Structures are given as structure tokens and as C-alpha cells.
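**Q** Sharing a model that was predicted from the sequence below.
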Amino acid sequence: VNGDPQQSALFINGELAIKRGDVAPGGGTLLSIGTVRVSRDGAVAVTYFVEDPLSPSNVLTRLQIDATAVLEEGDTVDFPVLGVSGTLTEIFGFDYDAPMLSASVVVAQPGGPAVRLLFTARVTGDTLDVLSGIVEGDPVPGAGAGAIYTIPGSDIQTLDQAGACHAFRFADGGQLEHGVYGFGQAVAAHAQPGPAPNSQWNFDRPAAVRINASNQVLTSGQLTLSSGADRGVVYLDGTPIAVEGGGLNGVLGGIVGDFHSAPIALGEDGTPFFSVPLTTPGTQLLMAGDEILLRTGATGTQVAGTTLNSLFATVQGPSFDVTPDGRTIIQRSRLTTGESAILLVERGVGDPVTCAAEPNSTGMTGRLDAAGSRFLFVNDLSIVASQLPQDSFGYLNVSDSSTFVAMPGGSSGNLCIGPTVGRFVGQVQSSGSAGEITTTVDLLSIPQPTGFVASDPGDTWYYQLWHRDASPAGATSNFTEALSVTVQ
């Protein structure tokens, strides 16, 4: 920030919220910013590293949800359901999705040893109601006989009242090994049977796990195959999604390169998201199932006039995050210029409106697609009409609701938006030889019959293009299919 490469700062919706040197919420000078999570209700949870107001030479970690500090090193905590109480001495990972918080912490017990643990709690204001968890020294079901829970990882996903899934370490015969935890047990652990025939997990380094509301499990780590070969893999419920040395659905000729544990996420609809390298030098992919979202290398995704150089696909730990609906992705990246960048990737900017469109003189119905972004702070939305008659004039219409009016005013098509309709009459265009019309939408200036209005997050606008057409009976007009876009 401001030319200082050491400056930690938090931006929310493109606006600077706080930076190093500011007074942190709850007091103390902000030294650095740790993990940031955004709940589905819009609440922002952050770990801050601050100077201790009582002893500036000490650094405290504080977990803040919006304006409320819910945990701070030095707090006295009592977790009866886990049999642990004492002084909180460390916070090293968390996830938050209101009202549920899961965190990995260290607690110094009076007259006893400090213990590491992971808990899941319901948050009300600054009060935690701890519902479940696992404590250092507990046995770990599913990790083998004698496996003892030792160290919770910082890569955590809260799972409502079911607890959390997370990476962890466990002691087995005096050795510290890695596993991934969920549903109250190890869902995969070092030296335990793997999903391929006669295979076993080889977690000599941290693995990764994600679970969705349908209890589907996405796991990434290293697998030792029946041949004895070790391969980095991504598996969804026992089905291979990506295997080192193998191909990828949707990637012509692409062979997965060397990796140990891929960054992963799992949509509520079961779409697996993962980032892996290819054997082609310099090529990394961010995938949503068999859809390429981002690509590095010579044929990589273009960003700000240059090409993506790295997606950190081979770096341990998360390099991207995905909203539960799988439509919005934030990706950490590096450009070929050497600059770091955080990318906003959107899938399915618009949604189809259930309303029958009539074929135009091409024999096809006019198609409508949304391009750009749904986000108000980005304000870069375009509506693209295609499959139109060539050299046909038309313009886009917009409403805050949908309807159905068959063949209004003698048109050959159906009106699917309204009854209140605004018109982009300043962008009347010809479809040209391509049969397409693209309309730029300013989300801060949507035309309506009474004038222009600004959108707010949560507003849904319905779009449909009207265009001139021809029929055996002579000149006519028609409408494309309709599309809605919900502003974020």
C-alpha cells in the first residue's frame, strides 16, 4: 500500500478498511492481518496481530467478527464439552459461517499442560457456545489403532453443527503423521487404505479436505498405488478427479504434473474446484469440474494486458476460495510482469428466466447472455444478444420483475419482463453480419420509465432484447429469451 511492500492492509468491496499502523478494533496498533473469512450473511471475520495495549513489546492475536472481538490471546476460556479450561495462548486457524465458528487454538490449563485443540461453536455477540471439537491426546477414529490426535491444522472448514473438517497431525507409534478430519473421525489418514484398489494414503506432508452440505467429500493428497508409485491425487467420494500423470476431463492433451496436495474447494452442487500443474512447462490450471477457469503459460488467461504466470497450484495451503454456490471465486495469482494479483472469477453471471421465446426468422430463438461482473463495486456488466437476424436493429429492455405477454403490439415474440419496463434507447444497434448486439449496463444508472435508478446489492434485474424481424406476412418484430442478473 502506498509503495510500502511491507504494508498489510484489508480491503472490503474494493475499499481500504484498515492497514498496518492503524488502531485495531478493540484497541492496540495493528501490526499485521492474518486470515480473513466472509460469512454468507456478509459478516467479515479477521485475525489481527496487534500490539498489547498493556505491554507494547508483546504481540496479541485477536479474532474479530465485524466490530466484535470474540477471541484474544490472554482470554480466560472454558470449554466444558471438551473438558478444557484455562488461558488462551494461541489462535492459529479458523473458519466462520454465521453463526458457526471453528478454530484451532492452544489453551494453557491451570496446574496442567497447554493443549492444542479444535472447536466448533455457535457465536452470539462475543459469546461462544462450544458444541463439539477434538483435543490433543484424544484417540482418532479412522486413523488406525493407537492413533492419537496431536496438532490441528490451520486449514479449516466449518460444517455447521456437524463440526469442522480440517487437516491435522496425529501420533502413531511415536511418529507424527498427517490426516484430514471430518464427521468426528479421520476421513483419510497416512498409511490407511486409499480410494484406488490396493492403494494407501501417503501423507508425509499436509493433505486437504472439503465437505459440502450433502456430505460429499473432496480430498487431495498423495496416494501410493498398488504398483508402489506415489501420485498426487484429487478424489471426490472415491472417484478420481485429478491424478498426477493422468489426463483431465475438458483439457485436450493436458497431463497432470507433479503435486502433493492441490488447493481444493467443493460447491454445494458437488462441483469440485482444484488447481493443479500440467507437465507442459509453466502451465497451471484452476478447474471447476471439467471447466477451465484460469490458465497460466503461453496460452494463459489474459489479465490487465498481460498473462497469468502462477496460480500457486504447487504451494501448500489454499490459494483460492469459492462461494458455496460455486459462482464466485477469489484466486491469488502472479502475472508475467512479476506483480501479484487477486482475481475475481465469476461463473454464470446471469440466470435464465422461465418464459418461452418464439423463433425469429433465422429459425432459432434469440439468445441472451450476461458477461462481465454482477458486483456493484466492479460495475462491468454487458448483456449479449445472439442468434438474431442479420442487420436487424434492436435495443435492450430491463425490468425489476418478470411477466408473460404473448405477442404484444402485434410482435411475433413474447414479452417476458415487466410490467414496468425501461429501455436502453441510447444503445439502439444493428445486429450486423454476426447477428449479435452487445449492450453495456451501468449498474448505477438503470433506465426505468420514471428515470434512471441505481442498483443496490441484492437487486435482481430482468433483461430482454426487442428487435426488428421479418415474416412471410411482412415486417414484424420479436423478442429474445429473457435473463436475470442479481447484483452482488
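**A** Looks like it arrived, so ask away. Numbers count the residues shown, from 1 in each chain.
**Q** Going by C-alpha atoms from here, please, whenever you check contacts or count neighbours.
**A** Will do.
**Q** per-residue pLDDT, the closest residue to E481 other than its chain neighbours?
**A** Using C-alpha to C-alpha, 6 or more residues apart in numbering and skipping residues adjacent in sequence, the residue nearest E481 is A357, 5.1 Å away. For A357, the pLDDT comes out at 95.
**Q** Let me know the helix or strand that A357 is in.
**A** For A357, there is no host helix or strand (DSSP states H and E).
**Q** ok, it - contacts?
**A** A357 is in contact with T365, G366, G413, N414, F479, T480, E481, counting by C-alpha atoms under 8 Å, 6 or more residues apart in numbering.
**Q** ok, so what distance separates it from M364?
**A** In this view, A357 and M364 are 10 Å apart by C-alpha to C-alpha, to the nearest Å.
**Q** Hmm, Y96 and R40 touching each other?
**A** No: using C-alpha atoms under 8 Å, R40 is not in contact with Y96, being 9.3 Å away.
**Q** who's more crowded, those two?
**A** Per other C-alpha atoms under 10 Å, whichever of R40 and Y96 has more neighbours is Y96, with 28 against 13.
**Q** Name the next helix or strand downstream of the one helix or strand that one maps to, please.
**A** Taking DSSP H and E as the criterion, Y96 maps to strand 84-97. Once the chain leaves strand 84-97, the next helix or strand it forms, by DSSP H and E, is strand 100-108.
**Q** Could I get the buried residue list for the helix or strand of the chain with the lowest mean pLDDT?
**A** Counting by mean pLDDT, DSSP states H and E, the chain has its least confident helix or strand at strand 251-255, which shows a mean of 87. Residues G254, I255 are the ones in strand 251-255 that count as buried (16 or more other C-alpha atoms under 10 Å).
**Q** Run through the neighbouring helices and strands of that strand.
**A** strand 247-248 (3 or more C-alpha pairs under 8 Å, 6 or more residues apart in numbering; DSSP states H and E).
**Q** Adjacent strands (with direction) for the strand it packs on?
**A** Sheet neighbours of strand 247-248, with direction, are listed as strand 251-255 (antiparallel) (DSSP bridges).
**Q** chain center to the helix or strand following the strand it pairs with, what's the gap?
**A** Sequence order places strand 264-266 as the next helix or strand after strand 251-255, per DSSP H and E. Distance, stretch centre to chain centre, for strand 264-266: 8 Å (C-alpha atoms, centre = their mean, to the nearest Å).
**Q** how big is the angle separating the next helix-or-strand element following strand 264-266 from strand 251-255?
**A** Scanning forward in sequence from strand 264-266 by DSSP H and E, the next helix or strand is strand 272-277. In terms of direction (axes from the mean of the first three to the mean of the last three C-alpha atoms, to 10 degrees), strand 272-277 departs from strand 251-255 by 50 degrees.
**Q** Walk me through which strands the helix or strand following strand 272-277 pairs with, and which way each runs.
**A** Towards the C-terminus, the helix or strand next in line after strand 272-277, according to DSSP H and E, is strand 284-288. Strands that pair with strand 284-288, judged by DSSP bridges, come out as strand 272-277 (antiparallel), strand 291-295 (antiparallel).
**Q** Run through who's touching strand 284-288.
**A** Residues from elsewhere that reach strand 284-288 (C-alpha under 8 Å, 6+ apart): 271-278, 292-297, 310-311, 313.
**Q** Quick one: buried ones out of these?
**A** So, by 16+ other C-alpha under 10 Å, the buried ones in these are 271-278, 293-297, 310-311, 313.
**Q** what's the average pLDDT for stretch 480-488?
**A** The model assigns stretch 480-488 a mean pLDDT of 97.
**Q** Return the alpha-carbon coordinates of it using PDB.
**A** Extracted in PDB, the C-alpha atoms of stretch 480-488 (Å, rounded to 0.1, in the frame of the first residue of the first chain):
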ATOM      1  CA  THR A 480     -35.000 -12.800 -27.400                       C
ATOM      2  CA  GLU A 481     -35.200 -15.100 -24.400                       C
ATOM      3  CA  ALA A 482     -35.000 -13.300 -21.000                       C
ATOM      4  CA  LEU A 483     -32.200 -13.200 -18.500                       C
ATOM      5  CA  SER A 484     -32.000 -12.100 -14.900                       C
ATOM      6  CA  VAL A 485     -28.900 -10.700 -13.000                       C
ATOM      7  CA  THR A 486     -28.800 -10.400  -9.300                       C
ATOM      8  CA  VAL A 487     -26.500  -7.600  -8.200                       C
ATOM      9  CA  GLN A 488     -23.900  -8.500  -5.600                       C
END
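**Q** Tell me where the model's unsure across the protein.
**A** Within the chain, the set of residues satisfying pLDDT under 70 comprises 1, 161, 316.
**Q** redo that, cut-off 80
**A** Within the chain, the ranges that satisfy pLDDT under 80 run 1-7, 13-14, 53, 56, 160-162, 174, 313-317.
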